[in-house]
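S.K.: okay, predicted coordinates and the sequence, questions at the end:
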Amino acid sequence: MKKYYKVVIILMLGFMTFEPMIQSCKAETAGTKITLIFDIEWGRRSRDCRGFGICRFHVDGQIELERPVKVSLENNIMELEVPLDIAKKNPNQFDNDMFIMEEDFEVDREISKEFGSQKSLILPAGKYRMKRLEDAVYIRIPVK
């Protein structure tokens, strides 16, 4: 019986020692930037991809990527890096300085898992400033 208590005490001490290290590792990975590439259909999902916003992400393998967009997630901010040729092909979406999302966009659960989330990520409706550079348009959207 005494051996049993010794084992329990050793396990408890070990957990108390290593638990702060585990929490530290979680904190370090929380700010990790994850980047994936998608073909994005622009518009509203509820209006058969008409209107303003994001209609759907197509994962590599679902279709041939004709319009690859880099999508990054870091610190609950999703950044879209839209190549200029795609922006020019979609003037209604990208002609002004604001990217308009007329409705919330729910990222599919499987894609959300690739970004490290256990639940579906939601990009809220709203207006988001676009930053134009020589090669791409950048849009930063907070994630719900």
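M.R.: Noted; the coordinates are in hand. None of the values given here were measured: they were computed from a predicted structure.
S.K.: which helix or which strand is home to E41?
M.R.: strand 34-44 (DSSP states H and E).
S.K.: nope, K113 is what I was after
M.R.: Here K113 is assigned to helix 109-114, by DSSP H and E.
S.K.: beyond that helix, next helix or strand please.
M.R.: Per DSSP H and E, the first helix or strand lying C-terminal to helix 109-114 is strand 122-123.
S.K.: tell me where the protein has helices.
M.R.: With DSSP state H as the criterion, the chain has helices at 2-30, 84-89, 91-94, 109-114.
S.K.: please compute how far the last one lies from its chain's middle.
M.R.: In terms of CA atoms, centre = their mean, to the nearest Å, the gap separating the centre of helix 109-114 from the centre of its chain is 9 Å.
S.K.: buried residues of it, list them for me.
M.R.: Using 16 or more other CB atoms under 10 Å as the test for burial, helix 109-114 gives 111-112. Just so you know, the C-beta spots here come from the backbone N, C-alpha and C atoms, and that holds for glycine as well.
S.K.: no more questions from me, cheers.
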